[in-house]
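# any chance you could fold what I've pasted below:
(one chain, ligands or ions: 1)
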Amino acid sequence: MRDTDLFRMALGIEPPWVVKKSEFDAAAKRLDIHLDFTKGSRFACPQCGVAGCPAYDSEDKTWRHLKFFQHEAYLHARVPRVTCKGCGIKQVLVPWARPDSGFTLLFEALVMAMVQAMPVAVVARMIDEWDTRLWRVIHHYVEKARDRADHSDVTSVAAACPRAGQRPDPWDETASRRGHNYVSLFVDLVRRRVLFVAEGKDAGTVDAFAKDLAAHGGNPEAVAEVCIDMSPAFIPTGQARGLKAHGTAQSLPNAQITFDKFHVVKLINEAVDEVRRAEQKSHAELKKSRYLWLKNPRNLSERQRTQLDNLSASNLKTGRAYRIRLAFQELHLQPARNAEAFLRKWYWWATHSRLPPMIGTARMVKRHWNGILRWFHTKIANGILEAINSLVQAAKAKARGYRSTRNLKAIIYLIAGKLELALPT
Ligand SMILES: [Zn+2]
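Residues are numbered from 1 along each chain as shown. Here you go, the predicted structure:
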């Protein structure tokens, strides 16, 4: 058997394509396989599909292929342009690569498998390619799969801005200098997949989500439950009264809102810390105690707990604020029938605390009253929003080294979108 036959079979090359020759350079660890078509061959028109178009001219092209053992492998061919009676002069499609890609389909499949497991910059180093070329491959397959995605059964959605309120990491600082500070995620709570990644976190994101949902066969009016945090992306400030908040009410008109309970607790924690920061000016013992008050008691070490007990016993404002926070967390342990009465008592206590940050937080709770109590009916929001956050952190790690929101979005879809990638095999 000649080596050209071997490569023809290994690559699955079929007429009119033939393997013309192969060049093997042991020193350079490189294998070059030259393909060609037999003279006088006719091809299908790439645009209308009509068969039997004659070649007009051709262009030499090279594609990187999977390694043959330790040797980098490249395919070369002259790709003909054909004359189609209906469409004019068009470049034909070759069976081993997409138009305008410098990689074979199998090489692209390898790239897609690798970037799901490790950062793109690492993959680029391992296979000695520019990461910009890999990103083009990623965007192609993710966009194709997103185009096909079916959202017709979506009824229950969680939305979050995972980076809101977190201390910026280096990725964020770079991103914010460029003016894209946040992405907002919309997640299917039933099938646990990211449906939509919106740039930014302004009031337009819910509308953008609703449009994207409709574009994928879904119905914004069929969304019955939505779990959101209280950021202005979802409800413009001052319009949060009542069950149906403004931004969400317009775009998802039939959705009942549940407020993410972790987000409420986080806001109350921030108020506790505000009390502590003001009080530490007169009570030096409060300095460096921030995490004692933020953590839940069961997560403290023995030493920290003793320290906290001593501080709590000394009748500080911070201690009072802290007990108001702990009491709020008891809310979610109440049976549903007691929940509203419990929350009313808590509200009375917090608003009579004479601690302005706690009073402000209590009023915020009042404005989101129904959505906070809605949790007792839906019990949505817990695990999945934490899971989303860790997915975004993982996505950021994978996108690091090439910083754009477009890349971050593509990686989030890739690892959390449950897309059907339809990779070549
Ligand atoms: Zn045609």
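
# now the helix or strand hosting Ala362, how far from the centre of its chain.
Secondary-structure assignment from DSSP states H and E places Ala362 in helix 356-367. Helix 356-367 sits 32 Å away from the centroid of its parent chain (CA atoms, centre = their mean, to the nearest Å).

# now that helix: buried residues?
357-358, 361-362, 364-367 (16 or more other CB atoms under 10 Å). C-betas here are computed from N, CA, C, even on glycine.

# helices of the stretch 201-350 of the chain, residue ranges please.
For the stretch 201-350 of the chain, applying DSSP state H, counting those that start in this stretch gives helices covering 204-215, 246-251, 261-279, 290-294, 302-313, 317-330, 336-351.

# any idea which of the ones you listed scores lowest on pLDDT?
Between the helices of the stretch 201-350 of the chain, the lowest average pLDDT goes to helix 246-251, which shows a mean of 70.

# can you pull the contacts of Val190?
Contacts for Val190 were tallied using CB atoms under 8 Å, 6 or more residues apart in numbering; they are 153-156.

# out of these, which is most surrounded?
Comparing these on neighbour count, Val154 comes out first with 23 neighbours (neighbours: other CB atoms under 10 Å).

# doesn't it lie inside a strand?
No. If the criterion is DSSP: H, G, I helix; E, B strand; the rest coil, then Val154 is coil and not within a strand.

# how many other residues sit next to the closest residue to it other than its chain neighbours?
Leaving out its chain neighbours, the residue that sits closest to Val154 by CB to CB, 6 or more residues apart in numbering is Gly218, at 4.8 Å. Using other CB under 10 Å, Gly218 has 23 neighbouring residues.

# contacting residues for Gly218?
Neighbours of Gly218 in contact, by CB under 8 Å, 6+ apart: 151-154.

# isn't Val92 right next to Ala44, touching?
Yes. With contact defined as CB atoms under 8 Å, Val92 reaches Ala44; the gap is 7.2 Å.

# hey, what's in contact with both of these two?
Each of Cys53 lies in contact with both Val92 and Ala44 under the rule CB under 8 Å, 6+ apart.

# neighbour count for those two, which is higher?
With neighbours defined as other CB under 10 Å, Val92 and Ala44 compare such that Val92 has more, 20 against 16.

# for the ion, what are the nearby residues on this structure?
Residues of the chain found near the ion, taking CB under 5 Å from the ion as the criterion, are 45, 47-48, 84, 86-87.

# give me the buried subset of these.
For those, buried by 16+ other CB under 10 Å: 45, 84.

# ok, the residues of the chain next to the ion vs Asp212, which is closest?
The shortest distance between Asp212 and any of the residues of the chain next to the ion, using CB to CB, involves Gln47 and amounts to 29.3 Å.

# next, count neighbours for the residue nearest to Phe259 when sequence neighbours are not counted.
Distance criterion CB to CB, 6+ apart; nearest residue to Phe259, sequence neighbours excluded, is Gly371 at 4.1 Å. Close neighbours of Gly371, defined as other CB under 10 Å, add up to 25.

# what's the following helix or strand after the helix or strand where Gly371 lies?
When secondary structure is defined by DSSP H and E, Gly371 falls within helix 369-373. Tracing the chain past helix 369-373, the next element assigned as helix or strand by DSSP H and E is helix 375-378.

# contacts for the helix holding Ala362, please.
Around helix 356-367, the neighbours that count as contacts under CB under 8 Å, 6+ apart are 230, 240-241, 264, 267-268, 271-272, 274-275, 321, 324, 328, 343, 346-347, 350-351, 353, 372.

# what's the residue nearest to Ala249 when sequence neighbours are not counted sitting at in phi/psi?
Using CB to CB, 6+ apart and skipping residues adjacent in sequence, the residue nearest Ala249 is Ala255, 8.0 Å away. The phi/psi pair for Ala255 (degrees, to the nearest 10) reads phi -80, psi 130.

# quick one, strands of the stretch 1-150 of the chain?
All strands of the stretch 1-150 of the chain, identified by DSSP state E, counting those that start in this stretch, fall at 17-25, 30-37, 42-43, 53-68, 71-84, 88-91.

# Thr248 contacts Ile228, doesn't it?
Yes. Because the distance of 6.6 Å satisfies CB under 8 Å, Thr248 is recorded as touching Ile228.

# the more surrounded of the two?
Regarding Thr248 and Ile228, a neighbour count based on other CB under 10 Å identifies Ile228 as having more, with 30 against 26.

# show me what contacts Ala77?
With contacts defined as CB under 8 Å, 6+ apart, Ala77 is in contact with 17, 34-37, 60-61, 94.

# give the burial count for Thr306, as a bare number.
Taking other CB under 10 Å as the definition, Thr306 ends up with a neighbour count of 11.

# equivalent analysis for Met126, please.
Met126 is surrounded by 10 other residues when neighbours are defined as other CB under 10 Å.

# and Gly49, by the same measure?
Under the criterion other CB under 10 Å, the count of neighbours that Gly49 has is 9.

# the one 5 residues further on too?
As a burial measure, the neighbour count of Pro54 was computed by other CB under 10 Å and equals 12.

# contacting residues around it?
Shown here is Pro54, whose contacts under the criterion CB under 8 Å, 6+ apart are 42, 82-83.

# tell me how far Arg320 lies from the ion.
Using CB to the ion, to the nearest Å, one gets 78 Å for the distance from Arg320 to the ion.
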